[in-house]
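1. everything below, folded, please.
(2 chains)
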Amino acid sequence: MDLIKRMVSFSLFKVLGRFSFNPDQFQLNLSQNRFIDLSQKSDIETESCGWVSPENCLMDPVVDEIFYDSYLCLSMRLDCRTISKTLLADKCALEEKKKLAELGRERLSKKERQEIREKIREELMKNSPIKSLIFRALWNYESQNCFLFATSSAAQHRFSQLFEKTFGLELELETPSSLAIAWAKSHNAIPVLSPLEPSSFVPPIRKAE
Amino acid sequence: MLVAEGESKDFLGQEFLTWLWYYGETHEWTLPISEQETVSYGMDHDEEDDDPDKQKMKEVVVLEPPNEETCVQRLQGRKTIDSPEAIVALKQGKKIAMVRLHLSYQDRLWLFLCKAEHLSISSLKLVQPKAADPKQRVLELAEDLEQFTRLFEQMYAYFLSIRLAPSWDAEELPKIQTWIEEQYQEYQKRLEE
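-> As a prediction, this is how the structure comes out:
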């Protein structure tokens, strides 16, 4: 299977700052930010995000395997535990009823209700299925373009965070606005762009003659 | 003077896609990307075209109003941009929020969906790699992706050169408005017939 699919959806980032390649440092940065399985994390952690090998999401990334000429093939794995809100609320309601019967009272304090909720949430989290998402990206360190093969703002945000933490380089999402600013800067047109307002394409109503 | 932080000009995305429609209709769907080179593009499928991808293309146009007083219009199927619904939407001041486009340059044809908000690209079909080596295959796909991106950014840059020119308000905008009015008049005529 190709690392990039033939049919793609993507967001484009501009990598700000210069990339200087040192293989040992690069491998160290990747390893420090590699994906760690949720089962190896504490019970209270609900998600884990990090780099994996582009060839197999169960393996750690290796620097020699991700370089393709001037491209770096990156693969980010994000695992999340999620629980149904309805399930949590219904379990809490049953537990509260049980507690009230035990104590022979009509009401529980806010603190008691919170304790029950936390206990049930932890129990459910331990047994909840894990949802795994893999996001691929292609970074051309010469053109400073980084294609993230996802378009959701959540994926863009997580990827930017991990990228910046790993490589110490900031990412700027290309938008109509950022492209216009870049164009205006290179054409001395910032004074024109700055006050720009949307134009109405609706034909103005002509006054009756 | 710089553009103030947080002051987004992302409205230019909708203006660009709507302008592409106007420009295409009035310039045979060809746009210059440099002094010598042009790209061809379109928003409709072409049954007479030899390319099977273009024949099968599913047209999509989403038109959004400038405020929330009226509805968003999503048109799918055949002849979307020639439909009365699309013409009326333009006349109401709606602009393109999403559209499926085809873009031709030299021997390449790309079909894709473009959303105006971030100019994000979906369902872009890249070249069929010829190499057998996995790394070479990735490089072929990456090269195709970079070429597409470069062309699309050049198209947007051409729009910006017109949109940020002093003649926008006096010349280009009235031309777009006249074109919309003409489209609407033609539609009215068809109704009367």
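2. output the below-cut-off pLDDT ranges for chain B.
-> B:1-6, B:45-56 (pLDDT under 70).
3. which stretches of chain A form strands?
-> Ranges of strands within chain A are A:7-16, A:47-51, A:67-68, A:71-81, A:130-140, A:145-148, A:170-173, based on DSSP state E.
4. right, and B:E64 touches B:Q14 too?
-> Yes: the pair B:E64 / B:Q14 is scored as a contact, 6.9 Å apart, by Cβ atoms under 8 Å. Backbone N, C-alpha and C define where each C-beta goes, glycine included.
5. now the common contact residues for the two.
-> Shared contacts of B:E64 and B:Q14 (Cβ atoms under 8 Å, 6 or more residues apart in numbering or on different chains): B:K95, B:I96, B:A97.
6. list just the nearest of those to chain A.
-> Ranked by distance to chain A (Cβ to the nearest Cβ), the shared contacts of B:E64 and B:Q14 are led by B:K95 at 6.8 Å.
7. do I have it right that A:L72 meets A:D64?
-> No: using Cβ under 8 Å, A:L72 is not in contact with A:D64; the gap is 11.5 Å.
8. when the two are compared, which one has more neighbours?
-> Between A:L72 and A:D64, A:L72 has the larger neighbour count (other Cβ atoms under 10 Å in any protein chain shown), namely 21 against 7.
9. ok, the residue nearest to the more buried one when sequence neighbours are not counted - contacts?
-> Counting by Cβ to Cβ, 6 or more residues apart in numbering or on different chains, A:W139 is the residue found nearest to A:L72 once chain neighbours are left out, at 4.4 Å. Applying Cβ under 8 Å, 6+ apart to A:W139 gives the contacts A:V15, A:Y71, A:L72, A:L74, A:N145, A:C146, A:F147.
10. okay, now the closest residue to B:S83 other than its chain neighbours: neighbour count?
-> Spatial nearest neighbour of B:S83, chain neighbours left out: B:L75 (6.2 Å); criterion: Cβ to Cβ, 6+ apart. B:L75: 17 surrounding residues under other Cβ under 10 Å.
11. hey, what's B:L75 bridged with?
-> B:V61 (DSSP bridges).
12. and it, what does it touch?
-> Taking Cβ under 8 Å, 6+ apart, we find B:L75 in contact with B:E59, B:V60, B:V61, B:V62, B:L63, B:S83, B:E85, B:A86.
13. so the second one sits against B:I96, correct?
-> Going back to what we said before, that points to B:V60. No: between B:V60 and B:I96 there is no contact under Cβ under 8 Å: 10.4 Å.
14. helices of the chain, residue ranges please.
-> With no chain named, the answer covers chain A. A:23-32, A:63-66, A:85-103, A:110-127, A:153-167, A:176-186, A:190-193 (DSSP state H).
15. nope, chain B
-> In chain B, the helices defined using DSSP H lie at B:11-26, B:52-56, B:84-91, B:134-163, B:173-192.
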